[in-house]
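In: with the sequence up front, the predicted model follows.
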Amino acid sequence: MMNVNRRDFIQRVGLGVFTVTLGSMALSRVASAVTLPNDLNRAKDKYNLQGLEKQHTPQLKVPLVAEDGRVVPVEMTLDHPMEEDHYIESVTFVVIDDPLAAKCQYNFTPQSGKPFFKFQSRMDAGTKTVSAIVVCSKHGRWVGDAQMRIVGGGC
Amino acid sequence: MARKTSPKIKLVKRIKKGDVIEVQVSQKFESKTGLGLFPDSEEFLRKEPAVYLNEMKAYYNGKVIGSMSMSSAVSANPRISFPLQVDEPGTLKVVFTSNTGETFESTKDIKF
């Protein structure tokens, strides 16, 4: 499998992170000018999913308030088949207004059996929207999100 | 330099053919984002190079069954859970790679 560095990873989900280096000093300004791609499918009403939305809108489980931004648990589940010709290929986690917006991406295979994934993220203090972007091999890219508040920043 | 440790793999005790199990993996690794706050502001600066695990790959009987790309925004000493449908006995292998080129790997046998 191809080695993916951070830049490739961000480009793959259609995002851009902009970093400006200040002179020869080791300091650089980190500006997360990040937006989600326009072509993502999103449920019209996440509390009343209809049709394809039911199988493709990622369900995110995050704490309402996290005291420690260094270790924020994030969990994604989805009720979607994992067959050779129809499965969830990947999930990518992004927090748009965070200094480190792109968190991680997990690539499933049909042998995953069920699309779920858990990890722990670093996030800066404040109110955050965590977005999970899933890619279905037949029905394209879908996004789901959840809001939370971080008390102590972890960047 | 810290001692190099292998990933820990945790599975449910009883596994039957066809089960979709949750594989819990943890790896000791003191990652750092390299960011710091700009003096007298709330803006972040890159102060030093980031050090972090940037990839995790999981194999079952030699075949890739999942892979993960990470930025430095994944927590230090990461704990990750992912699914695996077990249709035959075999060996699960997990390999972490850091952005400095270090690798950490571990295996666990799955029997019915």
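Out: Structure's in. What do you need? Fair warning: this is a prediction, and the values are worked out from it, not measured in the lab.
In: pretty sure B:Met68 contacts A:Gln105?
Out: Yes - the pair B:Met68 and A:Gln105 passes the contact test of C-beta atoms under 8 Å, sitting 6.8 Å apart. In this view, the C-beta of every residue, glycine as well, is placed from N, C-alpha and C.
In: quick check: residues of chain B near chain A?
Out: Within chain B, the residues that sit near chain A (C-beta under 8 Å from any C-beta of the partner chain) are B:20, B:22, B:33, B:35, B:38, B:43-48, B:54-55, B:57, B:60, B:63-76, B:78-85, B:87, B:99.
In: just the buried ones from the residues you listed, in PyMOL syntax?
Out: To isolate the buried subset of the residues of chain B next to chain A in PyMOL, counting by 16 or more other C-beta atoms under 10 Å in any protein chain shown, use the following:
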select buried, chain B and resi 33+35+44+45+46+47+54+55+57+60+65+66+67+68+69+70+71+72+73+74+75+76+78+79+80+82+83+84+85+99
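In: so A:Lys54 is in which element?
Out: Counting by DSSP states H and E, the element that carries A:Lys54 is helix A:52-56.
In: elements contacting that helix?
Out: Using 3 or more C-beta pairs under 8 Å, 6 or more residues apart in numbering or on different chains; DSSP states H and E, the elements in contact with helix A:52-56 are strand A:41-42, strand A:126-136.
In: tell me the strands beside the shortest one, with direction?
Out: For strand A:41-42, the paired strands and their directions (DSSP bridges) are strand A:140-152 (parallel).
In: closest point of chain B to chain A, which residue?
Out: B:Gln85 (2.9 Å; C-beta to the nearest C-beta).
In: wouldn't that residue be in contact with A:Tyr87 here?
Out: No - if you go by C-beta under 8 Å, B:Gln85 and A:Tyr87 don't touch, sitting 11.1 Å apart.
In: need the overlap of contacts for those two.
Out: Both B:Gln85 and A:Tyr87 are contacted by A:Ser112, under the criterion C-beta atoms under 8 Å, 6 or more residues apart in numbering or on different chains.
In: which stretches of chain B form strands?
Out: With DSSP state E as the criterion, chain B has strands at B:8-10, B:20-26, B:35-37, B:44-46, B:53-60, B:63-70, B:79-85, B:90-98, B:103-110.
In: which residues touch the third one?
Out: With contacts defined as C-beta under 8 Å, 6+ apart, strand B:35-37 is touched by A:30, A:99-100, A:155, B:43-47, B:50.
In: on that earlier part again, between the strands of chain B, which gets nearest to A:Gly144?
Out: strand B:79-85 (17.8 Å; C-beta to C-beta).
In: what angle do the closest one and strand B:63-70 make?
Out: With axes from the mean of the first three to the mean of the last three C-alpha atoms, to 10 degrees applied, the angle from strand B:79-85 to strand B:63-70 works out at 150 degrees.
In: tell me the pLDDT of the residue of chain B positioned farthest from its centre.
Out: Computed with C-alpha atoms, centre = their mean, the maximum C-alpha offset from the centroid of chain B is found at B:Asp40, amounting to 36.1 Å. Per-residue pLDDT puts B:Asp40 at 75.
In: can you list phi and psi of B:Glu42 for me?
Out: Backbone torsions for B:Glu42, taken as degrees, to the nearest 10, come to phi -110, psi 20.
In: run a quick neighbour tally on it.
Out: When neighbours are counted by other C-beta atoms under 10 Å in any protein chain shown, B:Glu42 registers 11.
In: how many other residues sit next to the residue of chain A found nearest chain B?
Out: Among all residues of chain A, A:Gly113 sits closest to chain B, at 2.9 Å; criterion: C-beta to the nearest C-beta. The tally of other residues near A:Gly113 (other C-beta under 10 Å) stands at 21.
In: wait, it touches B:Asp87, no?
Out: No - counting by C-beta under 8 Å, A:Gly113 sits too far from B:Asp87 to count as a contact (9.1 Å).
In: what's near enough to touch the nearest residue to A:Val135 once chain neighbours are set aside?
Out: In space, and not counting its chain neighbours, A:Val135 is closest to A:Glu89: 4.5 Å by C-beta to C-beta, 6 or more residues apart in numbering or on different chains. Counting by C-beta under 8 Å, 6+ apart, A:Glu89 touches A:107-108, A:135-137.
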